[in-house]
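K.L.:
Quick one, structure for this:
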Amino acid sequence: MAGDMAPGGKAHAMTRFTTARCTVRSMTEGDLPALFAVYGDPETVRYVGDRVPLSPEQCVRWLEVTTANYAARGYGMFAIVARPEDEAIGFCGIVHPGGQPTPEIKYAFRRDTWGRRLASEIVPALLDHGFGALGLERIIATVHPENTPSVRVLESSGMRLEGIATHEDGERTATYARERRPSSPAHSHALPALALAWALMSAASGCGGDTTPKAPPHAATPAPVAAALKDSLVHVATPAPGDTVSSPLALRGEARGTWFFEASFPVRLLDADGRELTVTYATAGGEWMTTEFVPFSSTVTFASPAAGSAGTLVLAKDNPSGEPEFDDERRIPIVFRGP
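P.N.:
The predicted structure is shown next:
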């Protein structure tokens, strides 16, 4: 049997840590169908490893390796369970691929759970478990550079880009790292998504073999240019600027995939004094892991101010990194119809 061994040799699913919505526990044989549902799905593994789905037999072998890792190291891959259910909806863990000395985090979720922001919840807790309960000093993560959602999850969890390697087959892998002890100011200086983009630009232009990202020059963007750039990122179909609206308000439009995170972005409604009336989310109506336009929709429910008063609908770019320089928003002036 797979799983951690209790006294007497009986396997059990030991809880490793919990988050607001999930329990992360050791894996057992009962998780094999869920393991195949995740890693046997071609869409799910599009940015995982060699991008090849696993067979049921390979899932069995995975579980055997995981059981051996529990015995040898005390950790490995774990099952993610969304409470109150007991069925695994994904897997995460800390492993040493190919016997590498540095521990590395891995995670993946069943496709029907995407858009629930579970990765943003699991990855920081997994890192805390590694540094705390397991006493690890340094943890890395590897990611395909074009996998923007995972890049943003790693950055928002305090991991920093170390470099991008290009392999013989042309594939590129970005390595992120975080240490348990605070590192020097030079090492801990944040260069999140902008640094990754700059490193990719340098690699594409054939700038030597150094994969260390270098910061691009900064310059103020003229207001007319900034407005044009914003229009190139978000198109709002309804409501139009100046429309008179009432609750519930139907918001429809399209935005670049980079505006979303885990298939959604925040929407706020403000009154004439800038007070927040409500906050909700707009959700993607298609594949959002792209730089192309993706349709979105939202139903905004609110208690309306007086008829004829002004308001503002704010469509905020989802920015899990928390870095102010990556904030952005689109504002739509509206007029309230009244209660």
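K.L.:
what's the residue lying closest to residue 232 once chain neighbours are set aside in contact with, if anything?
P.N.:
In space, and not counting its chain neighbours, residue 232 is closest to residue 256: 7.9 Å by CB to CB, 6 or more residues apart in numbering. Every residue, glycine included, has its C-beta placed from N, CA and C. Contacts for residue 256 (CB atoms under 8 Å, 6 or more residues apart in numbering) come out as 232-234, 291-294.
K.L.:
Now do the strand or helix carrying residue 175: which elements does it pack against?
P.N.:
With elements taken from DSSP states H and E, the one containing residue 175 is strand 172-179. If contacts are counted by 3 or more CB pairs under 8 Å, 6 or more residues apart in numbering; DSSP states H and E, strand 172-179 sits against strand 138-143, helix 148-156, strand 160-166, helix 193-204.
K.L.:
Out of those, which gets the lowest mean score?
P.N.:
Here the lowest mean pLDDT among those goes to helix 193-204, at a mean of 42.
K.L.:
that older thread, would you check how far apart the residue nearest to residue 232 and residue 246 are?
P.N.:
30 Å (CB to CB, to the nearest Å).
K.L.:
Quick check: buried residues in the helix ranked longest in the chain?
P.N.:
Using DSSP state H, we find that the single longest helix of the chain is helix 56-73. Neighbour-count burial for helix 56-73 flags 59, 62-63, 66-67, 69-70 (criterion: 16 or more other CB atoms under 10 Å).
K.L.:
can you check stretch 122-139 too?
P.N.:
Going by 16+ other CB under 10 Å, stretch 122-139 has these buried residues: 122-127, 129-131, 136, 139.
K.L.:
Can you give me the end-to-end span of that stretch?
P.N.:
15 Å (CA to CA, to the nearest Å).
K.L.:
hang on, the earlier thing: how far off centre is the longest helix of the chain?
P.N.:
26 Å (CA atoms, centre = their mean, to the nearest Å).
K.L.:
coming back round to it: which members of the buried residues of stretch 122-139 occur in helices, if any?
P.N.:
Using DSSP H, the subset of those located in helices is 122-127, 129-131.
K.L.:
Identify the farthest-apart pair in those.
P.N.:
Within those, 122 and 131 form the most distant pair, 15.1 Å apart (CB to CB).
K.L.:
so where's the stretch 201-339 of the chain shaky on pLDDT?
P.N.:
201-231, 320-323 (pLDDT under 70).
K.L.:
can you map out the helices along it?
P.N.:
223-231 (DSSP state H, counting those that start in this stretch).
K.L.:
Could you measure from the most centrally placed residue in the chain over to residue 302?
P.N.:
In the chain, the residue lying closest to the centroid (CA atoms, centre = their mean) is residue 153, at 3.7 Å. Taking CB to CB as the measure, residue 153 falls 31 Å from residue 302.
K.L.:
Check residue 99 too.
P.N.:
56 Å.
K.L.:
Those two: who's more crowded?
P.N.:
When residue 99 and residue 302 are compared for neighbours, residue 302 comes out ahead with 19 against 5, by other CB atoms under 10 Å.
K.L.:
State the phi and psi torsions of that one.
P.N.:
Main-chain dihedrals, residue 302, degrees, to the nearest 10: phi -160, psi 160.
K.L.:
List the residues that contact it.
P.N.:
247, 249, 269, 277-278.
K.L.:
so how far is residue 93 from it?
P.N.:
Relative to residue 93, and taking CB to CB, residue 302 is found at 42 Å.
K.L.:
Then residue 234?
P.N.:
The gap separating residue 234 from residue 93 is 37 Å, by CB to CB.
K.L.:
repeat for residue 295
P.N.:
In this view, residue 295 and residue 93 are 35 Å apart by CB to CB.
K.L.:
What of residue 23?
P.N.:
Distance from residue 23 to residue 93, counting by CB to CB: 14 Å.
K.L.:
now do residue 286
P.N.:
In terms of CB to CB, residue 286 sits 31 Å off from residue 93.
K.L.:
Give the residue from these two that has the larger number of neighbours.
P.N.:
A direct count of neighbours by other CB under 10 Å for residue 286 and residue 93 places residue 93 higher, at 24 against 13.
K.L.:
contacting residues for that one?
P.N.:
Taking CB under 8 Å, 6+ apart, we find residue 93 in contact with 66, 75-78, 105-107, 126.
K.L.:
again, 10 Å this time
P.N.:
If you count contacts by CB atoms under 10 Å, 6 or more residues apart in numbering, residue 93 has them with 16, 24, 26-27, 66, 69, 75-80, 103-107, 126, 129-130.
K.L.:
In helices, which of these fall?
P.N.:
Those of the contacts of residue 93 mapping onto helices are 66, 69, 126, 129-130, per DSSP H.
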